[in-house]
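1. Generate a structure from the sequence data that follows.
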Amino acid sequence: MWTFVGKRANKQWLWLALNPINRQIIAFHIGSRSSKDAQVFYEKIPAVFKSNTGFFSDYWQAYITTFEKENHFGVGKDSGLTAYIERFNGTLRQRVARLVRKSLSFSKSLENHIGAIKYFICNYNLEIKALHY
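-> Predicted coordinates:
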């Protein structure tokens, strides 16, 4: 998902990893769409998920070069395997005004942008956890 800080020309990409079992966000990163940022994102994913699960993503080259080949699978939207993350992206855009593409609410600094998104994700994970218990 893309967003911006300050002005539209300063695009920032939101990288998300979601656990489909409980629908909690296990890692996120905000940066460019480069392989370098893909590596930073991958390093934020807890080790237990890296060794025991598979990752489904689109066919973006940065994913292919960063994620281990044995547990990374490129899939299209028609497969249904990205439905949870696409639904979460919609929820993010609905509930975090800074992420609406045509908005008067935008972040002037990257730190505040990351903070607002992190605050929402933490609150979301707590709400989801409460629903499952």
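2. When you work out contacts or count neighbours from here on, use the C-alpha atoms and nothing else.
-> Will do.
3. Please tell me how far the most centrally placed residue in the chain sits from Asn112.
-> Centrality entry for the chain: nearest residue to the mean C-alpha point is Leu16, 1.7 Å, by Cα atoms, centre = their mean. Remark: distance between Leu16 and Asn112 (Cα to Cα, to the nearest Å) = 18 Å.
4. Could you report the neighbour count for the closest residue to Ile128 other than its chain neighbours?
-> Leaving aside its sequence neighbours, Ile128 sits nearest to Gln24 (Cα to Cα, 6 or more residues apart in numbering; 6.8 Å). Counted by other Cα atoms under 10 Å, the residues lying close to Gln24 total 21.
5. ditto for Ser57
-> Neighbours around Ser57, by other Cα under 10 Å: 17.
6. Pretty sure Gly80 is one of the things it touches, is it not?
-> No: counting by Cα atoms under 8 Å, Ser57 does not reach Gly80; the two are 11.2 Å apart.
7. ok, and for whatever helix or strand Phe88 lives in, which residues are buried?
-> Phe88 is located in helix 83-95, with elements delineated by DSSP states H and E. Across helix 83-95, burial judged by 16 or more other Cα atoms under 10 Å covers 85, 88, 92.
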